[in-house]
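Participant: curious how this folds, go ahead:
(chains A and B)
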Protein chains: 2
Amino acid sequence: MPNITVDLPQDSYKIAIAPDSLSQLGAMMQQLNLGKKVVVISNPEIFGHYGATCIESLETAGFETCSHLIPAGEEYKHLQSIQKVYDTALVNHLERSSTFVALGGGVIGDMTGFSAATWLRGVNFVQVPTSLLAIVDASVGGKTGVNHPQGKNLIGAFYQPKLVAIDPTLLKTLLPREFRAGMAEVIKYGVIWDKDLFTKLEHHPHLDTLENVGDELLETIITRSCQAKADVVGQDEKESGIRAILNYGHTIGHAVESLTNYKQFVHGEAVAIGMVAAGKIAVTMGLWTQEEADRQDALIAKTGLPTDIPSEIAIEDILETIKSDKKVKAGKVRFILPTSIGKVTITDTVTPEIIKQAMKPYGRGLGKS
Amino acid sequence: MPNITVDLPQDSYKIAIAPDSLSQLGAMMQQLNLGKKVVVISNPEIFGHYGATCIESLETAGFETCSHLIPAGEEYKHLQSIQKVYDTALVNHLERSSTFVALGGGVIGDMTGFSAATWLRGVNFVQVPTSLLAIVDASVGGKTGVNHPQGKNLIGAFYQPKLVAIDPTLLKTLLPREFRAGMAEVIKYGVIWDKDLFTKLEHHPHLDTLENVGDELLETIITRSCQAKADVVGQDEKESGIRAILNYGHTIGHAVESLTNYKQFVHGEAVAIGMVAAGKIAVTMGLWTQEEADRQDALIAKTGLPTDIPSEIAIEDILETIKSDKKVKAGKVRFILPTSIGKVTITDTVTPEIIKQAMKPYGRGLGKS
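Facilitator: Now for the predicted structure:
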């Protein structure tokens, strides 16, 4: 599998993709001229699976290691967890040249990155993503942070890793539901950026499990998704323009997550619902064809992802919730809407009336409810 | 008075220096294409003096304002204070395009900058420094942060302001002791960077109060110090090289602050003591002449700043404390040592023995104890 470079004005870095690369982590980090000390940050379950391989690889390469575990789950993604990382860094005398390695999914990656961004005004940071969602989305691009009691990821920083080391074999311990959640972001790249990836997914008979996807398509999925993200982030690191397209499906997706108290759906599932909704809005506004929207929705359904906003959520609550999204600019809600497969537009002209109209004929979903 | 530009690869910004510029703050910010909402962060005393002028200037220019006050003092410089800033930002619906204005000294500037760096992954930040120390040091260069219970500024980020607006008339409410503390950093720029500034200070009869310094020399002090800082930061934003010279006097200075529990000395006083000590070490190592070291020490004494490490502090405690400094690299303590007035060198070859020898003949101070 190839390497991908995330090309930035400062701090460019490599995404290394290779089976069993976890055992090469120390050797890869050795090339980067980092300091001797490393803290591996993970959660107990993932560290149980992969901690020993990770630590051994680092120590063989001459690094001094320690580890810090955070209980699994979004409910620990807060500043208090970050303070405990600081305490570990202090006790182990980590220096500015030291490295924080994130061994885990998106939550561990976001928290490790934020800790690295803010300890001693910034230490080195390496991502070893262990979920498909983290591989194709969270581990690339430098978004780090934690939740505020009132909202997700409100506290954070842009902080780029020195290296993203992707080992697809780590996905074997991923729950099928988490695999599908990652696939939602993969489909997203197809719709917003990479028509060819979209078509490849369409032509594959089954997408609902890692086994059904198979090694060859998995390689394509990972490399094309990471390349798409690297392309977009390389053009707009701090999300002042085009990077916003990566939020396709996220405006209504976030609202659905929030209105179900982050309990009913995992992030990727909410994004899937949000993409279906955004597609409907695009069709209603005459920006996208019904036929292409149907193809998107069919792909989402084939992956086994949800497509409908739960019927117990009132459309008025969705409208109210998206107004408080952190990407709101001068009070206007921004939508990413497809214009053809592989292309989107960014707009703040979507009115509450358009959203209501778009959701109506379908009973808010795929016409099934 | 002139404007100075801090020239960085990304995020260059202007230091605007002008008497009564606080009343022009809104107009200056209007030029920067910032969002409508502004939170002014200050402490109660400073906000009592200058809050009304600041808010009026912003509102006249069309900004929507709110304010957030943090009790004065280093003891409030912690993550809990930052969490309260986040709460204010949330309640007032501050957006990514909004601006956090720091109206205060170094503590307010550091905390406002860190809040701005980490709210919504970075909002706009403007510095309005109200102490001489903040004007010539903390407000320029993008170092932001808070203290960890175990050490100063261990938590933080590099985050550049969009504008530094310096109004020298705000110094009239500064306590004389705080004025002198700022003068320590001014003398530092003379020793490390600007021989001409050093000579000008030497030729002025009194430096101990704002009144004795006078408007003309004050203008020189502010512009030359800010220019020196802008020059150095422009060459090395993230302190990977030359920027370290700004820490002249800080290695032993920090140790003295820490060993006196941050109670006996304000930061500038500790830096003054640290510069005298660093001068002795440079002379001991044959890097600097005794004559120039004496000139430095005389200038510090003329300003009314302390020069001696308190006799109750054992040299062994100093040695132990500097080992845990956050600038320690691979276990080696880094010193900035003068080689001639206006020039320094960065070295990690200072051994505990050299430090002991340097402090010995003087009874650890200027030969007075």
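Participant: which secondary structure element contains whatever residue of the stretch 151-300 of chain A ends up closest to chain B?
Facilitator: At 4.5 Å from chain B, residue A:156 is the closest residue in the stretch 151-300 of chain A, using CB to the nearest CB. Heads up, the C-betas are built off the backbone N, CA and C, glycines and all. Assignment of secondary structure by DSSP states H and E places residue A:156 within strand A:151-158.
Participant: ok, the closest residue to residue A:277 other than its chain neighbours - contacts?
Facilitator: Counting by CB to CB, 6 or more residues apart in numbering or on different chains, residue A:277 lies nearest to residue A:252, which is 4.4 Å off, once chain neighbours are set aside. Listed by CB atoms under 8 Å, 6 or more residues apart in numbering or on different chains, the contact set of residue A:252 reads A:273-274, A:277-278, A:309, A:318, A:322.
Participant: out of those residues, which one sits closest to residue B:13?
Facilitator: residue A:322 (33.5 Å; CB to CB).
Participant: from the contacts of residue A:252, which has minimum pLDDT?
Facilitator: The lowest pLDDT within the contacts of residue A:252 belongs to residue A:322, with 90.
Participant: correct me, but that residue touches residue A:255?
Facilitator: Yes: counting by CB atoms under 8 Å, residue A:322 does reach residue A:255; the two are 4.9 Å apart.
Participant: would you map the helices across the stretch 251-369 of chain A?
Facilitator: Here the stretch 251-369 of chain A has its helices, by DSSP state H, counting those that start in this stretch, at A:267-284, A:290-302, A:315-322, A:352-359.
Participant: can you say which of the ones you listed is packed in most?
Facilitator: helix A:267-284 (a mean of 26; mean count of other CB atoms under 10 Å in any protein chain shown).
Participant: got the angle for that one vs helix A:352-359?
Facilitator: Per axes from the mean of the first three to the mean of the last three CA atoms, to 10 degrees, the angle that helix A:267-284 makes with helix A:352-359 is 100 degrees.
Participant: one step back: can you show me the CA trace of the next helix or strand after the strand holding residue A:156 as PDB?
Facilitator: Where DSSP H and E defines the elements, the next helix or strand beyond strand A:151-158 is strand A:163-166. In PDB, the C-alpha atoms belonging to strand A:163-166 read as follows (Å, rounded to 0.1, in the frame of the first residue of the first chain):
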ATOM      1  CA  LEU A 163       2.900  10.700  11.400                       C
ATOM      2  CA  VAL A 164      -0.200   8.800  10.900                       C
ATOM      3  CA  ALA A 165       0.600   5.000  11.000                       C
ATOM      4  CA  ILE A 166      -2.300   3.000   9.600                       C
END
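Participant: what is strand A:163-166 packed up against?
Facilitator: Contact analysis of strand A:163-166 by 3 or more CB pairs under 8 Å, 6 or more residues apart in numbering or on different chains; DSSP states H and E lists strand A:13-17, helix A:25-30, strand A:124-129, helix A:210-235 as its packing neighbours.
Participant: the same query, at a cut-off of 7 Å, please.
Facilitator: Counting contacts by 3 or more CB pairs under 7 Å, 6 or more residues apart in numbering or on different chains; DSSP states H and E, strand A:163-166 is packed against strand A:13-17, helix A:25-30, strand A:124-129.
Participant: can I get these in CSV with mean neighbour count?
Facilitator: Listed next are the helices and strands packed on strand A:163-166 as CSV, based on neighbours: other CB atoms under 10 Å in any protein chain shown:
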stretch, mean neighbour count
strand A:13-17, 21
helix A:25-30, 20
strand A:124-129, 27
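Participant: tell me who's in contact with residue A:340.
Facilitator: Residues counted as contacts of residue A:340 (CB atoms under 7 Å, 6 or more residues apart in numbering or on different chains) are residue A:292.
Participant: repeat for the one 10 residues further on
Facilitator: Residues in contact with residue A:350, defined by CB under 7 Å, 6+ apart, are A:281, A:333, A:335.
Participant: could you rerun that using 8 Å?
Facilitator: So residue A:350 contacts A:281, A:285, A:333, A:335, A:337 (CB under 8 Å, 6+ apart).
Participant: before we move on, what about residue A:317?
Facilitator: By CB under 8 Å, 6+ apart, the neighbours of residue A:317 are A:255, A:259.
Participant: okay, it: pLDDT?
Facilitator: 94.
Participant: same question for residue A:1.
Facilitator: 61.
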